[in-house]
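Novice: what follows is a predicted protein model with its sequence.
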Amino acid sequence: MKNRSRCPPGFTLIELMVVLAVVAILALLAVPSLQDKYIRDEITAAMPLAQLAEAPVAQAWTATHALPADNVQAGLPAAEKIVNNYVAATRIQNGAVHVTFGNRAHAILRGHTLSFRPAVVLDAPIVPVTWVCGYSAPPNNMTLFGANETDIPARFLPPLCRPVTN
């Protein structure tokens, strides 16, 4: 006759605790990357407002070969009136579009700015304006206008707005 142990087959309490600890550690590692994704999503949701302001700037360049100095010259409402769930203001300064986060934006973004700067080919005005987001570099042979006021850490920005690393 076979010797049967008194414990039914299965996992011991210690084995279950070890598995639970491993799962908890993996969950803690995933939380920061999820937070970065949510912040990037909020930045992406703000981009249509920047595009709204970019259109009159590009039109001014095409028509006059000059960039508007502010929202009034671009024919746009005051900066505090161009808003959405995550954006508190959209301001033009010397052709650059500066989006300031606020309203329901994540606390990390609130009060910070993302800049979109126009890049043009000075001796070929037929070439459309290219917009340079955040810390990214302008295309070759293009002149970049406006100051970069971006003060959001690069890790939160969409890839289009990050500095190019080789």
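Specialist: Done, it's in.

Novice: look at Ala88 and give its secondary structure.
Specialist: Of the three states, Ala88 takes strand under DSSP: H, G, I helix; E, B strand; the rest coil.

Novice: from Gln35, how far off is it?
Specialist: 21 Å (CB to CB, to the nearest Å). (Glycine included, C-beta is placed from N, CA and C.)

Novice: neighbour count winner among these two?
Specialist: Each of Ala88 and Gln35 has its neighbours counted (other CB atoms under 10 Å); Ala88 has more, 18 against 13.

Novice: how about that one, nearest residue that isn't a chain neighbour?
Specialist: Counting by CB to CB, 6 or more residues apart in numbering, Gly102 is the residue found nearest to Ala88 once chain neighbours are left out, at 2.7 Å.

Novice: now Phe116
Specialist: Per CB to CB, 6+ apart, closest to Phe116 is Val97, 4.4 Å.

Novice: that neighbour contacts Val87, correct?
Specialist: No. Using CB atoms under 8 Å, Val97 is not in contact with Val87, being 11.2 Å away.

Novice: buried residues in stretch 38-56?
Specialist: Of all the residues in stretch 38-56, those buried under the rule 16 or more other CB atoms under 10 Å are 39-40, 42-43, 46-47, 49-50, 53-54, 56.

Novice: return the distance of the residue nearest to Ala88 relative to Ala137.
Specialist: For Gly102, the distance to Ala137 - CB to CB - is 28 Å.

Novice: who has more neighbours out of the two?
Specialist: Neighbours around Gly102 and Ala137, counted as other CB under 10 Å, are more numerous at Gly102. The numbers are 16 against 11.

Novice: quick one: that one and His112 touch, right?
Specialist: No. Gly102 lies out of contact with His112 (CB under 8 Å); the separation is 9.2 Å.

Novice: out of the buried residues of stretch 38-56, flag the one nearest to Glu149.
Specialist: Lowest distance from Glu149 to those (CB to CB) belongs to Ala50, with 12.8 Å.

Novice: distance check, the closest one against Ala124.
Specialist: On the measure of CB to CB, Ala50 and Ala124 end up 25 Å apart.

Novice: of the buried residues of stretch 38-56, just say which sits nearest to Pro159.
Specialist: Arg40 (9.1 Å).

Novice: checking that closest one next. Helix, strand or coil?
Specialist: helix.
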